[in-house]
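Asks: When you get a sec, could you give me coordinates for this:
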Amino acid sequence: MTNAQKWVAAFLGLFLVLFILGRVTKKEETMPVANENYNEQSGQQPAEVDALTLIKQNGCITCHGQNLEGTKMAPALVDIKKHWSRDALINYLRNPGAYSGDERFEAYREKYKGIVMPSFGNLDVKDLGKIAEYLQTK
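Replies: Numbering: from 1, shown residues only. Model prediction:
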């Protein structure tokens, strides 16, 4: 066997080893996880979740009420555009504690004792924007 033939044989052997390793370590394809927003008729996932769904998923209706008209636990979120611009509302939702010095919030603190507005800094800003836009239409 010549040197050239030895090199070709070595190359083919290495190729075979790598091919077999690739097959052995190949990840199995997994089934997609069921999504509650899956549309069975069209067979497609929605591109976005609407604002009302985000509000429900994040528990806003627990304190602010089913129609966001307020409860004994939290104020109404209707006519919120009187006090908030879209960007200011997004900033508030991300960090409500930063607004504790505002006199309006001092009145809320007296009225809703022991209740703390949670921070939603973990949500995507796009989702917070959807929530803010929705609330400004109420």
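Asks: and Thr30, what pLDDT?
Replies: Per-residue confidence (pLDDT) for Thr30: 58.
Asks: and if you look at Tyr108?
Replies: 81.
Asks: I'd guessed it sits against Met73; true?
Replies: No - taking contacts as CB atoms under 8 Å, Tyr108 lies outside contact range of Met73: 11.1 Å. The way it works is simple: take the backbone N, C-alpha and C, and place the C-beta from them, glycine included.
Asks: neighbour count winner among the two?
Replies: Tyr108 (15 against 12; other CB atoms under 10 Å).
Asks: So the more buried one belongs to a strand, correct?
Replies: No - applying DSSP: H, G, I helix; E, B strand; the rest coil, one finds Tyr108 to be helix, outside a strand.
Asks: what's the closest non-adjacent residue to it?
Replies: Pro75 (6.1 Å; CB to CB, 6 or more residues apart in numbering).
Asks: looking at it, that neighbour is touching His64, isn't it?
Replies: Yes - Pro75 lies in contact with His64 (CB under 8 Å); the separation is 7.3 Å.
Asks: check contacts around Leu135.
Replies: Contact analysis of Leu135 by CB atoms under 8 Å, 6 or more residues apart in numbering lists 68, 77, 80-81, 84, 89.
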